[in-house]
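1. coords below, sequence missing:
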C-alpha cells in the first residue's frame, strides 16, 4: 500500500495534519468534559472561548490578554511603508494562494498551497488553479512551487522583521486582505507576534477616495485604473507581485504625502469593533466613537481594564484617543456603572 504514496511523497508533503484539530478537541474536553452537561448552561461559550485563547496564545493567555493599553497610532511612528497584497481561493471563509510585499528594492513573494478548492471565479481573476489530488499549484496553467500556509506566514513575518518600524499599505485591505490575514495568523498562533512587528496599516482605497475626485478617475477607484490614470501604466492585475509593485509606485508618487494620522488603522481594528457590538446595540455608546477607538486598537475590554485600574485614567485614555469631552464623561460614567 505504501508504494502507492511513495511516488507522490513530495506532493503530499504540505497537506498538513489533523493533529492540531485533535489537540484542540482535547483542550475543549478538558474545560467542558462530556460527562458534564455544559451544553445547556451559559458557561459553555466562555469555556470554548478560553480554549481558543489557550490554543492561540498558550497557557499564559490570561496574563497576556490586555496586559497593556495601546497608545494613539501616529503616522510619524513608522518608517518603512510595505505595500502588500493577497490572492485567495475566493470570498468569505477562504485560503491564501499568494502573498506578496514590497518596500523599496526589497521584495517578498510566495505561492501558497490552499486547503480548499479555488473557486471558478477566483481562477478567472487570478489565473491560479490547484489540483487537490496531486497538491500541485498552477498559474495560468503553468506549475509553480508553493508553501504550506504556516510556512508562508512565518516567512512573511521574517521579511517584516528586517524592516524599520514597518506599516502595511494595500488597496482595499481594510475589508479584504487584513481580516483574512488576521484570521489565519490567529489560526496558527502567530497573530500576537505579527501585531508586535506590524501594528497598523493604511488602506490606499480610502486615501484615494479622499485625494482623487470622481471626475479625475471616471468614478472608478480600482487600483488598476488609478495606476493607468496617474502613472500611465497597464499591468497584470490580480497577480500579487504585480499588484504590490504598481501600488508601491502609485503610493510613493501620489498618495504618501497626502496621508495623515486619520489614515492609519490598527491591525486589530476589526476585532476591536466587534467588542463594542452590545454597547452600541444598547445605545450605551455611539458607533462613531467606537470606530474612533477601534482605529487605535482600543477594545471595550481595554476601557474596562483602565477603569479597574483608575477611573480617572479611563477619562485620560478616552481624551488621548480623540473622544470629545462631553462624550468622554458620558462614556466613562456608563462604563463605571456596568
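-> The structure has been received and is ready for your questions. Quantities reported herein were computed from a predicted structural model and do not represent experimental measurements.

2. alpha carbons only for contacts and neighbour counts from here, please
-> Fine.

3. pull out the buried positions in stretch 180-196.
-> Of the residues in stretch 180-196, those buried by neighbour count under the rule 16 or more other C-alpha atoms under 10 Å are 180-182, 184-186, 188-192, 194-195.

4. what's the farthest-apart pair in these?
-> Looking at the buried residues of stretch 180-196 by C-alpha to C-alpha, the two members farthest from one another are 180 and 192, with 15.2 Å of separation.

5. what about the strands in the chain?
-> 80-88, 96-103, 106-112, 128-131, 136-139, 142-144, 146-147, 166-170, 200-203, 264-266 (DSSP state E).

6. and of those, who's closest to residue 68?
-> Closest approach to residue 68 among the strands of the chain is made by strand 264-266 (14.8 Å; C-alpha to C-alpha).

7. sorry, back to before: dump the buried residues of stretch 180-196 to CSV, plus distance to residue 23.
-> Written out in CSV, the entries for these read as follows (distance: C-alpha to C-alpha, whole Å):
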residue, distance to residue 23
180, 23
181, 23
182, 22
184, 18
185, 18
186, 16
188, 13
189, 14
190, 17
191, 19
192, 21
194, 23
195, 25
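
8. which of the residues you listed sits closest to residue 105?
-> When those are compared for distance to residue 105 (C-alpha to C-alpha), residue 194 wins out at 22.1 Å.

9. and that closest one, what does it touch?
-> With contacts defined as C-alpha atoms under 8 Å, 6 or more residues apart in numbering, residue 194 is in contact with 157, 185.

10. measure it to residue 50 for me?
-> As defined by C-alpha to C-alpha, to the nearest Å, residue 194 lies at a distance of 21 Å from residue 50.

11. quick one: the helices in the stretch 1-150 of the chain?
-> All helices of the stretch 1-150 of the chain, identified by DSSP state H, counting those that start in this stretch, fall at 2-6, 9-12, 19-31, 43-57, 61-64, 120-126, 149-161.

12. count of neighbours near the closest residue to residue 335 other than its chain neighbours?
-> Here the nearest residue to residue 335 in space, its sequence neighbours aside, is residue 304; by C-alpha to C-alpha, 6 or more residues apart in numbering that works out to 6.9 Å. By the criterion of other C-alpha atoms under 10 Å, residue 304 has 17 neighbours.

13. quick revisit: now, among the buried residues of stretch 180-196, which is nearest to residue 308?
-> Using C-alpha to C-alpha, the shortest approach to residue 308 within the buried residues of stretch 180-196 belongs to residue 192, at 24.0 Å.

14. okay, the closest one: pLDDT?
-> The confidence metric pLDDT takes the value 91 at residue 192.

15. check residue 93 too.
-> On the pLDDT scale, residue 93 gets 84.

16. quick one: neighbours of it, just the number.
-> Using other C-alpha under 10 Å, residue 93 has 10 neighbouring residues.

17. how near is it to residue 243?
-> Taken as C-alpha to C-alpha, the span from residue 93 to residue 243 is 22 Å.

18. so what's residue 100 bridging to?
-> residue 85, residue 109 (DSSP bridges).

19. hang on, isn't it packed against residue 112?
-> No. Between residue 100 and residue 112 there is no contact under C-alpha atoms under 8 Å: 10.8 Å.

20. now do the shared contacts for these two.
-> A shared contact of residue 100 and residue 112, defined by C-alpha under 8 Å, 6+ apart, is any residue touching both; here there are none.

21. okay, buried residues for stretch 316-332 please.
-> Going through stretch 316-332 with 16+ other C-alpha under 10 Å, the ones that come out buried are 317-318, 321, 323, 328, 331-332.

22. same deal with stretch 246-261?
-> Neighbour-count burial for stretch 246-261, with 16+ other C-alpha under 10 Å as criterion, is recorded at 246-248, 250-251, 254-256, 259.

23. the bottom helix or strand of this structure by mean pLDDT?
-> None of the helices or strands of the chain scores lower by mean pLDDT, DSSP states H and E than helix 61-64, at a mean of 46.

24. and the pLDDT at the residue nearest to residue 172 when sequence neighbours are not counted?
-> Leaving aside its sequence neighbours, residue 172 sits nearest to residue 205 (C-alpha to C-alpha, 6+ apart; 5.3 Å). Reading off the per-residue confidence, residue 205 sits at a pLDDT of 97.
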